[in-house]
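>>> test case, fold it:
(one chain, ligands or ions: 1)
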Amino acid sequence: MITYEKIFENNAQWIAEKQATDVNFFEKLAKEQNPDYLYIGCSDSRVTAEDMMGAAPGEVFVHRNIGNLVVSIDLNVMSVINYAVKVLQVKHIIVCGHYNCGGVKAALTQQDMGILNPWLRNIRDVFRLHKEELHAIPDPKKQFDRLVELNVREQAINVIKTAAVQQQFIHTGYPVVHGWVMDIKSGRLIDLQIDFEKELKGIQEIYRLV
Ligand code: CO
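Predicted structure coming up:
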């Protein structure tokens, strides 16, 4: 376990390392950010956005919450998406879930979880949307894994439903939306190969906002 004091020692070491590679590292960093990626992931402490991607400061705009959810009335995630798309003009938006997700596990549990109920309801809704496929999986572990994947997929579709993404894509050909799962046992990132343009066309019958 990292102690509270150790964090500040580590920080001093990190500063020294960055300055060893480039004396003006922080001067440049302070000027502006120009990330090509928006990463929307789970708050889980084991899934460390930039670290697992090998991304440097300034390269990834990050939003994290329990279960990597993209909820249309969540002003937080919607503000992040709008700013990333319209101002930062990111090229890629990634929704990244992970196996063994506590949020997804909780949504598979028949129990009152207080304030978490309305949040986790969004994952229960994903289950309901895909219940035929999920009920056909006899192994509970495999069903859990599949719900993690389907949740990423549905949240990626929620990103595509936004006016910001639809409008920006028509004008610039960006951003492209991706779905990833991090396999927590191996650390491997799995690209779920969501066909962005196909999904965009698919939802526009109902969700077109341009
Ligand atoms: Co999680």
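>>> near the ion, which residues of the protein? Just list them.
By the rule Cβ under 5 Å from the ion, the part of the chain lying against the ion is 42, 44, 101, 103. (C-beta placed from N, C-alpha, C; glycine too.)
>>> need the max-distance pair from these.
Largest separation among those by Cβ to Cβ: D44 and G103, giving 8.1 Å.
>>> N117 in helix, strand or coil?
Under DSSP: H, G, I helix; E, B strand; the rest coil, N117 falls in the helix class.
>>> can you check which helix is longest in the chain?
Using DSSP state H, we find that the single longest helix of the chain is helix 140-160.
>>> what residues sit buried inside it?
Neighbour-count burial for helix 140-160 flags 143-160 (criterion: 16 or more other Cβ atoms under 10 Å).
>>> name the helices or strands packed onto that helix?
Helices and strands touching helix 140-160, by 3 or more Cβ pairs under 8 Å, 6 or more residues apart in numbering; DSSP states H and E, are strand 92-98, helix 102-107, helix 116-129, helix 131-135, strand 176-183, helix 196-207.
>>> out of the ones you listed, nearest to F169?
Nearest of the helices and strands packed on helix 140-160 to F169, taken as Cβ to Cβ: helix 196-207 at 6.9 Å.
>>> mind listing what's buried in the closest one?
Applying a neighbour-count criterion of 16+ other Cβ under 10 Å, one finds 196, 199-200 buried in helix 196-207.
>>> quick one, what contacts the residue lying closest to W180 once chain neighbours are set aside?
Nearest residue to W180, sequence neighbours excluded (Cβ to Cβ, 6 or more residues apart in numbering): C96, at 4.3 Å. Contacts for C96 (Cβ atoms under 8 Å, 6 or more residues apart in numbering) come out as 39-42, 47, 49, 68, 152, 179-182, 189.
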